[in-house]
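Undergrad: Need the 3D shape of this:
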Amino acid sequence: MYSICIADDEKYVLKSIAQRISSSGMELEVVGMAGNGLEALELYDREQPDIFFVDINMPVVNGLDFIERIRKKDPDVRTRFIIISGYDDFAYMKKAIQLGVINYIKKPILQQEFTDMLRDVCRQLDEEREKEEKKEENIYSWTDFLQLRKWKDIDGTYFLVRGKEIGKEAGNCLGELEAMGGGKGWKVIRFYGAPDILLLVWEGKNCTGREIEAAAGKKCFSRAEQIVYMTGKCRSPEEMIGQFEDTLNIRFYHPEYRLMKIKSQSCEKPGIYYEAFEAALECTRENKYSECLSEIMKTLFSDENYCNLVKQVYQSVILIIANKYTKYDLQLPVKLRQELFPFAAAAFENKRDMLSRLDGYSEEINKRIGEILSKSELVDKVIQYIGLHYKEEINLGDLAGEFFVVPTYLAKRFKEKKNCTVMQYLENVRLKKARELLETSSLSISDISLMVGYNDPNYFARSFKKVYELTPREYRNICGEE
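TA: Residues are numbered from 1 along each chain as shown. Predicted coordinates for the structure are as follows:
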């Protein structure tokens, strides 16, 4: 049984999340709720739950500040924090990742996404509990290792290993390497969302070239496709990881390289332009995004000196796609958010795999945009219909039937696009036509009323005055004076 706390300033959200947790069928218990950040801090101190859902925009103390305070107070906190937000904002998301937030749920919360996310968190907790029960010492998550690094710099030899599902071999790797190192000094680090990556640290041991080759030849490394290494003291773990990742990306240019020394590379940036790709994502009549992506990748992989730009270009494309979800007010897929984590591209064997992944993401958002634009076409057709039939008796039900949709669907789509109801729009059209007739004809007000769709002249006069603050007669007189 895992304990859960929820913090959100909207009561219906608190109730909704609690109900979803209760109906999930998983062994979970909601042990407390909070309505603002200060209450959330008190709740955490009291319960220290396994999972904490946190609204990003809580009053008093916002969600990210709440988590930051917790981590400063307790660097070894084991609680899994999940952010709740009414919108996608990558600036918030990047900070959330730095604070160790494991997921980011956007309101309105979709049931399937919520259940999948909850199941994934429980799986992680199960793995962590199993690890503790087995007393696996010296195996860390990257977040835990960063906390450890705050106390001292580690001087030694670092091996970054990439291989299919090699993260599952952490225990076996540690056992064999400890035997080689006299049973001391080894640490193994895993990365969330990157099962193909392990970071191995031999603390206090600056290996020679021969010792590095010997380690790379160990049985536990037999599944390793690439190994990147460095010796010495690591002053900045984040910078080191960036250099490891850039060096690892040489595999896209030289797949035959297996053992590589870490190196910081600099080069002139190629002319990579994203504007055409960004525009193509919204073009639903033909597939132009694949062609644009191919052009970007062709430039990126034209020179091996660009290997330190692979991550940057990959995440730039991901951000462009993610921003389209935000622009069209769509729920950002969890898998897309995870592309911001370290070594998101580690699963790719070659550049074709990377291009295929990006093409799939592009196809998905392009399809979603197409669906939205087709709904927008419905509103345009309704507007056109009203322009031709405003003289007739029209109601929402008749309009919906004309276009084979239910009235509530039509009402929602129309309001989203025009920021007014269908009937408000119809009345505005009728009154605008009436104003034109008052200005240009000598027809009686009763006749004008009938010509623009009002059967009751008195109701027409009241509606006209409500909008123009003059009766039809007063408006005509003013026009005549001019």
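
Undergrad: what's the longest helix in this protein?
TA: helix 351-389 (DSSP state H).

Undergrad: what's the next secondary structure element after that one?
TA: Using DSSP states H and E, the helix or strand that follows helix 351-389 in sequence is helix 396-402.

Undergrad: which helices and strands sit right next to that following helix?
TA: helix 351-389, helix 407-418, helix 422-440 (3 or more CB pairs under 8 Å, 6 or more residues apart in numbering; DSSP states H and E). Quick note: C-beta positions are derived from backbone N, CA and C, even for glycine.

Undergrad: Need the contact partners of that helix.
TA: 382, 385-386, 406-407, 409-411, 422-423 (CB atoms under 8 Å, 6 or more residues apart in numbering).

Undergrad: Which one of those residues is nearest to Glu239?
TA: Using CB to CB, Tyr409 comes nearest to Glu239 of the contacts of helix 396-402, at 52.3 Å.

Undergrad: Count the residues that sit near the closest one.
TA: 13 (other CB atoms under 10 Å).

Undergrad: ok, now Thr440?
TA: 9.

Undergrad: ditto for Leu388
TA: With other CB under 10 Å as criterion, Leu388 counts 8.

Undergrad: hmm, back to that, closest one of the contacts of helix 396-402 to Leu174?
TA: Tyr409 (57.6 Å).

Undergrad: Adding mean pLDDT, write the helices and strands packed on helix 396-402 out as CSV.
TA: Converted to CSV, these look like this (pLDDT from 0 to 100):
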stretch, mean pLDDT
helix 351-389, 88
helix 407-418, 85
helix 422-440, 92
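
Undergrad: now those helices in TSV, with distance to Ser264?
TA: Putting the helices and strands packed on helix 396-402 into TSV (distance: least, CB to CB, whole Å) gives the following:
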stretch	distance to Ser264
helix 351-389	23
helix 407-418	50
helix 422-440	61
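
Undergrad: Tell me which of those sits most buried.
TA: helix 422-440 (a mean of 17; mean count of other CB atoms under 10 Å).

Undergrad: Check the offset of the helix or strand Glu474 falls within from the chain's centre.
TA: Using DSSP H and E, Glu474 falls within helix 472-481. Distance of helix 472-481 from its chain centroid, counting by CA atoms, centre = their mean, to the nearest Å, is 57 Å.

Undergrad: which strands and helices sit next to it?
TA: For helix 472-481, the packing partners by 3+ CB pairs under 8 Å, 6+ apart come out as helix 422-440, helix 445-451, helix 457-468.

Undergrad: Average pLDDT for the shortest one, rounded please.
TA: Averaging pLDDT along helix 445-451 gives 92.

Undergrad: Contacts for that helix, please.
TA: Residues outside helix 445-451 that contact it (CB under 8 Å, 6+ apart): 391, 433-434, 437-438, 441, 443, 455-457, 460-461, 472-473, 476.

Undergrad: quick check, nearest of those residues to Phe145?
TA: For the contacts of helix 445-451, the minimum distance to Phe145 (CB to CB) is 71.1 Å, reached by Lys433.

Undergrad: How about the closest one: what's its closest non-neighbour residue?
TA: Val452 (4.8 Å; CB to CB, 6 or more residues apart in numbering).

Undergrad: my guess is the one you found contacts Ile394, does it?
TA: No. Val452 is beyond contact range of Ile394, at 12.0 Å (criterion: CB atoms under 8 Å).

Undergrad: Of those two, which one has the most company?
TA: Ranked by neighbour count (other CB under 10 Å), Val452 and Ile394 place Val452 first, with 21 against 18.

Undergrad: How about the contacts made by that one?
TA: 390-391, 430-431, 433-434, 437, 460.

Undergrad: picking up where we left off before, go through the contacts of helix 396-402 and say which is closest to Leu110.
TA: Closest to Leu110, out of all of those and judged by CB to CB, is Tyr409, at 18.7 Å.

Undergrad: tally of neighbours for the spatially closest residue to the closest one that is not a sequence neighbour?
TA: Nearest non-adjacent residue to Tyr409, counting by CB to CB, 6+ apart: Ala400, 7.5 Å away. Look at Ala400: counted by other CB under 10 Å, it has 18 neighbours.

Undergrad: Next, name the residue at the spatial heart of the protein.
TA: Taking CA atoms, centre = their mean, the centroid of the chain lies closest to Arg337, which sits 3.9 Å from it.

Undergrad: What separation do you get for that one and Tyr140?
TA: Distance, Arg337 to Tyr140, using CB to CB, to the nearest Å: 23 Å.

Undergrad: One more: Val310?
TA: Distance, Val310 to Tyr140, using CB to CB: 26 Å.

Undergrad: Those two: which is more packed in?
TA: Shown here are Val310 and Tyr140; by other CB under 10 Å, Val310 has more neighbours (24 against 19).

Undergrad: Report pLDDT for the more buried one.
TA: Predicted confidence (pLDDT) for Val310: 90.

Undergrad: now do Asp89
TA: Note on Asp89: pLDDT of 54.

Undergrad: What is the neighbour count of the closest residue to Ile250 other than its chain neighbours?
TA: Excluding its sequence neighbours, the residue lying closest to Ile250 (CB to CB, 6+ apart) is Cys307, at 4.9 Å. By the measure other CB under 10 Å, the count of residues near Cys307 is 23.

Undergrad: tell me the phi and psi of Cys307?
TA: Listed backbone geometry of Cys307 is phi -60, psi -30, with angles given as degrees, to the nearest 10.

Undergrad: and it, how far is that from Lys351?
TA: 11 Å.

Undergrad: Mutual contacts of these two, please.
TA: With CB under 8 Å, 6+ apart, Cys307 and Lys351 have common neighbours Phe252.

Undergrad: Assumed Glu278 was part of a strand.
TA: No. According to DSSP: H, G, I helix; E, B strand; the rest coil, the state of Glu278 is helix, so it is not within a strand.

Undergrad: what about it, how many neighbours?
TA: Taking other CB under 10 Å as the definition, Glu278 ends up with a neighbour count of 16.

Undergrad: Next up, the contacts around it.
TA: Taking CB under 8 Å, 6+ apart, one finds Ile320 in contact with Glu278.

Undergrad: what does the one 5 residues further on give?
TA: Residues near Cys283 by CB under 8 Å, 6+ apart: 289, 366.
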